[in-house]
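# A structural model of the following input is requested.
(chains A and B)
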Protein chains: 2
Amino acid sequence: MPCVVIMAGGRGERFWPRSRMAMPKQFLNLIGDKTMLQLTVERVKGLVDLTDIYIVAGREFREIIINQIPDLPESNFVIEPFGRDTAAAIGLAALVVRQKNPLDVEIVLPADNYVNDEQRFQEILRAAVIIAGKGEQIITLGITPHRPETGYGYICQGDLFDTVAGTPVYQVDRFLEKPNYKKALEFLSRGDYLWNSGMFICRVDLIGKLVALHAPLLAEGLNRIEGYFGTGSYPAMLEEVYNGLPKISVDYGIMEREENVLVIRGDFGWDDIGSWTALERYRDQDESGNVIEAKGVFLDTNDSYVYSPDKIVALIGVEDLIVVNDSDCLLVCHKDKTQEIKKAVQILREQGYEEVL
Amino acid sequence: MPCVVIMAGGRGERFWPRSRMAMPKQFLNLIGDKTMLQLTVERVKGLVDLTDIYIVAGREFREIIINQIPDLPESNFVIEPFGRDTAAAIGLAALVVRQKNPLDVEIVLPADNYVNDEQRFQEILRAAVIIAGKGEQIITLGITPHRPETGYGYICQGDLFDTVAGTPVYQVDRFLEKPNYKKALEFLSRGDYLWNSGMFICRVDLIGKLVALHAPLLAEGLNRIEGYFGTGSYPAMLEEVYNGLPKISVDYGIMEREENVLVIRGDFGWDDIGSWTALERYRDQDESGNVIEAKGVFLDTNDSYVYSPDKIVALIGVEDLIVVNDSDCLLVCHKDKTQEIKKAVQILREQGYEEVL
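As a prediction, the model looks like this:
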């Protein structure tokens, strides 16, 4: 049976002010009653047991994770002492997994994605696990673009490698960094350029080999950490060594440097819910195109999103606005400008308003 | 020496949510450190003593008025038991004033106006008091229009009546109700149509005569109330009789029906600060045309007004917005739609959100 490694260390600044340093996006119930993390765990039920699900996140999220996934074994919470990007986090999780099963297949998933067709999602994962089980390739999931998105990396799909249980598996021609708009339009028109979803499947021993091959400094640090597993010095050593690990993403540090990567087209309706505007696709709109999670009055208000759990709201004569009225701060943002939210958060940090970040 | 009667019974719903049922506009410091009421009192300093200033308002505002005008004699607070419009309130104040001096000249002023040139304001009042002292005419102050305003009544200025201390005083040809936009444009172009400021000057005995002549039912009620002055039954009788008084405005009930009214052009820079957008004229704007009374970050934000005394605000990519983030409710309103605020308040009332009104 494979295992699932859920990457829950993100900051989710684009969802400020609901997403905070102390409560990032993946722990919020943005698109329904359940949080993004809970949805991610539920989505792999039937494929793996909860004892085979690992969640990687900072220590400060331990309480939240225990509350949200109460039956998760304590040892399956992989503490990232600092954010050192995805390559280090995945390497650390691989150390933990291989204590239990050195030849296990890992399904690595971000904690904050949305998947529409969960049955198809599991079918694809099963196919990927079959191939990954051979221990020779890392399999990524690529998403067919339906808009000229400049916020994702892309995967250029190559020749057909194999067909497993009816699912075609392709070689990866190459990885591409986030494009500008003109390039994104071109990518959209090609058909063989896929969004890099951040989901991949790989046998744990192969992860170790790939890290050693492409990120030797990272591998060295991880080996030092592994040497202290099960000893009293582990927490202190983890902290010390982890802090010195190179800060690289798994895409840049491993995937792009590795020749032998496969891709399956993830035709299961994927969304990374990357910004406030994405929410509208998954929430009921009123007849004026508004998504209203607030009490109050809305006159001449169109195509807007309003979140105000505590306070009465009156919106008059506005459109295309995101209005998030949280307990200690307020965001009012035009829908075309949601990419500026991260910048606003940065400015608030520089101004010393840490208490609302 | 004349006296001043300040009408402080308004509800100020257009300034919701800062203006509330329990704390209307006239008691707020909208354009500086001092409240509109305090500014109104200061504006007549030198012209009258504080012992000759009367403030008319509901009993529920007693504490606020005492706090804001601490030296006002208790007997100068004229309690309006219910809102019965301006004719009744002015008639009631006249009863109180004539106990002290039956031939006193009253200067009646709204509590929520702005005046730029206070010296000119006092000059004009002095001229008006001289004429009013003869006890033959009521003198209104008309404002030269500088925009096609549909929110005010108008005064059509007639022939020159007299010139007092260099200030021309005209006969009033007639009063006109609030015009539609087309008519307001026409009024603006004429030169002899003036805004009815709601300020007037009249000897107290003449007020009594005019009420008796044009609003006999009101006069009858006021006479009944006067009969109980100084007795223990006064509060109960005031309440009982006042509630039955006809609800008419002084403009409609008295001014428009009276032939012998004068007008002085109030060239002292007047504004009734009728809506949120009016505030910009009296507050400092930043280089993007914003008036910001809040802490936070403002990216691509233009020509907006932001008030948030407690909570951090981030505005991104918006323009021409009024954002008022009060302790228990939030208003986001396009500047072109501020006239809808009263409607929003009405809807909130119907929805049962009395706690934020």
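# ok, for the residue nearest the centre of chain A, nearest residue in space, not its chain neighbours?
With distances taken as Cα atoms, centre = their mean, residue A:110 lies nearest the centre of chain A, 2.7 Å away. The shortest distance from residue A:110 to any non-neighbouring residue, by Cβ to Cβ, 6 or more residues apart in numbering or on different chains, is to residue A:198 (4.8 Å). From N, CA and C alone the C-beta is placed, and that goes for glycine too.
# thought residue A:95 was touching residue A:224?
No - with contact defined as Cβ atoms under 8 Å, residue A:95 does not reach residue A:224; the gap is 10.6 Å.
# Just list the residues touching the residue of the stretch 101-250 of chain A found nearest chain B, thanks.
Closest residue of the stretch 101-250 of chain A to chain B, Cβ to the nearest Cβ: residue A:151 (17.0 Å). Applying Cβ atoms under 8 Å, 6 or more residues apart in numbering or on different chains, we find residue A:151 in contact with A:178, A:274, A:339.
# And for the lowest-mean-pLDDT helix or strand in chain A, what's in contact with it?
For chain A, using mean pLDDT, DSSP states H and E, the weakest element among its helices and strands is helix A:276-279, scoring a mean of 87. Helix A:276-279 is contacted from outside by A:14-15, A:30-31, A:271-273, A:291, A:305, A:322, A:324, A:333, A:335, A:338, A:341, using Cβ under 8 Å, 6+ apart.
# List the buried residues in the helix or strand just after it.
Elements were assigned by DSSP states H and E; along the chain past helix A:276-279, the next helix or strand is strand A:291-299. Residues of strand A:291-299 classed as buried: A:291-292, A:294-299 (neighbour count, 16 or more other Cβ atoms under 10 Å in any protein chain shown).
# of those, list those near chain B.
Applying Cβ under 8 Å from any Cβ of the partner chain to those, one finds that A:295-297, A:299 fall near chain B.
# circling back to that earlier point, in helices only, show me the contacts of helix A:276-279.
residue A:341 (DSSP state H).
# quick one on the thing from earlier: sticking with the residue nearest to residue A:110, tell me its helix or strand.
Going by DSSP H and E, residue A:198 is part of strand A:193-203.
# Next, count neighbours for the closest residue to residue A:237 other than its chain neighbours.
Take residue A:237 and drop its neighbours on the chain: the residue closest to it by Cβ to Cβ, 6+ apart is residue A:228, 4.4 Å away. When neighbours are counted by other Cβ atoms under 10 Å in any protein chain shown, residue A:228 registers 16.
# what pLDDT does residue A:228 get?
Residue A:228 carries a pLDDT value of 93.
# That one is in contact with residue A:238, isn't it?
Yes - applying Cβ under 8 Å, one finds residue A:228 in contact with residue A:238, separated by 7.3 Å.
# residue ranges of the helices in the stretch 51-200 of chain A, please?
Counting by DSSP state H, counting those that start in this stretch, one finds helices in the stretch 51-200 of chain A at the ranges A:62-68, A:85-100, A:118-132, A:181-190.
# got a list of what residue A:290 touches?
A:298, A:301-306.
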